[in-house]
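K.L.:
predicted model and sequence follow; I will ask about them next.
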Amino acid sequence: MIKDKEKYVSHINDKDQILNMRKLLDKIEIVIDKHSIQSTDFLDPYSRRLSKSILNRFDNISYSEDGGLINAERKIISIYPDYLSFEKIQAPIVPLSISGNIEGLTHKDFLGSLMGLGITREKVGDILLHEDDAQVMVDDSISDYIIFNLKKVGNKNVKVESICREEIKKGKEDYKEKYITIPSLRLDAIVSSTLNLSRNDSLNFIKHGKIKVNWEPISKPFFEVNEGDLVSVKGYGRFILSRVFGKTKRNRVKASITIFK
């Protein structure tokens with residue numbers, strides 16, 4: 001039994017993440033008490049960073065991360081007694097191939113069709129787009145359901161089948177570069193210029209928790225974005241502040257943005 005669970009989440013301010021970390025503590029408790037293996041849902045890098053800040057405080061457990069590919073964005077954390085061998089731990093991931101006339105379909109199309117089946121985002125890992133198919137990492141509890149029920153993505157007929165892990169390959173990324181000049185590297189300024197929004201709209205998005213930097217919700221408009229930071233805006237997609245070139249004669253910041261389609 002874990003005593004005083006609240007002390008393990010006292011350093012977390014994100015209310016949604018506090019709930020997730022309490023679930024993590026429940027799994028840790030099961031591993032310790034039952035000497036069993038427990039797995040989380042698919043977690044983004046921010047959630048995994050918070051998870052590890054808790055997991056590393058327990059000496060009698062070990063854990064591993066798996067998302068299908070080594071550089072996967074979304075991964076499952078498997079938690080197990082420290083006496084078990086890492087090689088024996090297999091995360092409950094099933095890779096699926098979605099094929100058919102998929103030309104022109106985007107990451108959002110595939111994710112939207114999966115959500116349309118009543119599947120939660122936490123049960124779906126990375127979606128890897130290729131010329132002939134899209135490979136999707138899913139929790140093994142829903143793989144059969146998807147295979148038998150996903151018939152269309154967008155308005156196009158598709159076929160779904162499970163594949164071996166050895167068949168997983170890195171997906172292609174569709175993006176465009178945009179050059180901007182902004183008064184500063186403040187989050188609201190960068191979002192406004194990149195997405196052609198008013199400064200007031202950007203401020204409202206930040207206020208209502210619709211913007212994340214490196215997967216972490218940001219509530220302060222004066223938050224400064226750094227080179228390489230990934231910014232996501234709900235309903236608008238994601239972009240990276242790829243490079244800062246310096247300042248213009250009018251003291252404005254010159255930068256390049258990589259916008260993912």
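P.N.:
Received the coordinates, thanks. Numbering: from 1, shown residues only.

K.L.:
my read is that residue 64 contacts residue 78, right?
P.N.:
Yes - between residue 64 and residue 78 there is a contact at 5.2 Å, judged by Cβ atoms under 8 Å. The C-beta positions use only the backbone N, C-alpha and C, and glycine is treated the same way.

K.L.:
and for those two, which residues touch both?
P.N.:
Common contact partners of residue 64 and residue 78 (Cβ atoms under 8 Å, 6 or more residues apart in numbering): 89, 91.

K.L.:
contacts only, for residue 14.
P.N.:
Contacts of residue 14 by Cβ under 8 Å, 6+ apart are 50, 216, 217.

K.L.:
what about the nearest residue to residue 216 once chain neighbours are set aside, which SS state?
P.N.:
In space, residue 216 comes closest to residue 46 once its chain neighbours are excluded; the distance is 4.6 Å by Cβ to Cβ, 6 or more residues apart in numbering. Using DSSP: H, G, I helix; E, B strand; the rest coil, the three-state assignment for residue 46 comes out as helix.

K.L.:
distance check, residue 46 against residue 214.
P.N.:
6 Å (Cβ to Cβ, to the nearest Å).

K.L.:
ok, now residue 257?
P.N.:
With the distance defined as Cβ to Cβ, residue 257 ends up 15 Å from residue 214.

K.L.:
make a PyMOL selection of whichever of the contacts of residue 14 turn out to be buried.
P.N.:
The PyMOL command for the buried members of these (criterion: 16 or more other Cβ atoms under 10 Å) is given here:
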select buried, resi 50+217
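
K.L.:
and which of the contacts of residue 14 is nearest to residue 202?
P.N.:
Nearest to residue 202, judged by Cβ to Cβ, of the contacts of residue 14 is residue 217 at 14.7 Å.

K.L.:
didn't residue 91 look like it was pressed against residue 76?
P.N.:
Yes - using Cβ under 8 Å, residue 91 is in contact with residue 76, at 4.4 Å.
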